[in-house]
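Q: predicted coordinates and the sequence they were generated for:
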Amino acid sequence: MKKNILGVMLGTGMLFVSVLPVFAATDSFNIATGYRSTNKSRILNKTTADVDVFNHAHVTNNITTKSESGKNDQNYNTLVLGTGIVTDPASSSTTLTNGVNSTGVLVDQTSPECGCDLSAGNSLTGAKSHNYASVKNIKDADVTVINSAYVSNTVYTASDTGHNDSNGNTVGGSISTGTATSRTNVTNDVNTTTVVVAQ
């Protein structure tokens, strides 16, 4: 018995391939054979699983995040009342997550449908006969996973509360700026492969 599985994925996501074989014959006997007979009893169960997975991903991210409360002008006033220029805090945050080429392959050759209590034999054979009995289970799994990925991240994150002007005022005029904070978090999860072969 042969199982051929071809899995192909381009881009993101996860590919899961499962191969479940089933054995056939369980018993083979020659019983009460004749005189001078040549007897053979043979069981051959062969399971082959060929799994080929090819993943390719090309990801390009260009992100700009900006927060600004500055660039305020207070110029050439005769009388400035109050607190003058007061800017609020400026905060910007960028979170970027790329998950590409996640592959799971399961090859199960344990044959749950068959108890695998295999037997072969010759019974009550005649004199001078040649008797042969054999049981063979052959399990072969060939798994090939090829992953390739190109990920390019260009992230610009900025915050600004400055560049405020208070010039040429006769009376008063002050500047009080808030805090400026910026955060960037980039995560790339690329080419993750899990292969399980049960025999």
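A: On my side now, so go ahead. Note that the structure is a prediction, hence the values are computed from the model and not measured. Numbers count the residues shown, from 1 in each chain.
Q: lowest-pLDDT helix or strand in the protein?
A: Every helix and strand in the chain was compared by mean pLDDT, DSSP states H and E; the lowest is strand 2-10, with a mean of 43.
Q: next, count neighbours for residue 108.
A: By other C-beta atoms under 10 Å, 16 other residues sit near residue 108. Heads up, the C-betas are built off the backbone N, CA and C, glycines and all.
Q: wait, I meant residue 102
A: For residue 102, the neighbour count with other C-beta under 10 Å is 19.
Q: got it, and residue 38?
A: Neighbour number of residue 38 under other C-beta under 10 Å is 12.
Q: so what pLDDT did it get?
A: For residue 38, the model assigns a pLDDT of 77.
Q: tell me what it is bridged to.
A: Here residue 38 shows beta-bridge partners residue 130, assigned using DSSP bridges.
Q: now swap in residue 120 and tell me
A: residue 28.
Q: wait, what's in contact with it?
A: 27, 28, 29, 41, 42, 43, 133, 134, 135 (C-beta atoms under 8 Å, 6 or more residues apart in numbering).
Q: give me the neighbour count for the fifth one.
A: Other residues lying near residue 42 total 12 when counted by other C-beta under 10 Å.
Q: just the element for it, please.
A: Residue 42 belongs to strand 38-68 when elements are defined using DSSP states H and E.
Q: give the buried residues for the helix or strand following that strand.
A: Beyond strand 38-68 on the C-terminal side, the first helix or strand identified by DSSP H and E is strand 73-75. Neighbour counts over strand 73-75 (16 or more other C-beta atoms under 10 Å) mark residue 74 as buried.
Q: what's the following helix or strand past strand 73-75 packed up against?
A: Proceeding N to C from strand 73-75, the next assigned helix or strand is strand 85-86, under DSSP H and E. Judged by 3 or more C-beta pairs under 8 Å, 6 or more residues apart in numbering; DSSP states H and E, the packing partners of strand 85-86 are strand 175-176.
Q: contacts for the strand it packs on, please.
A: So strand 175-176 is contacted by 74, 83, 84, 85, 86, 87, 164, 166 (C-beta under 8 Å, 6+ apart).
Q: go with 10 Å
A: 70, 72, 74, 83-87, 161-162, 164-166 (C-beta atoms under 10 Å, 6 or more residues apart in numbering).
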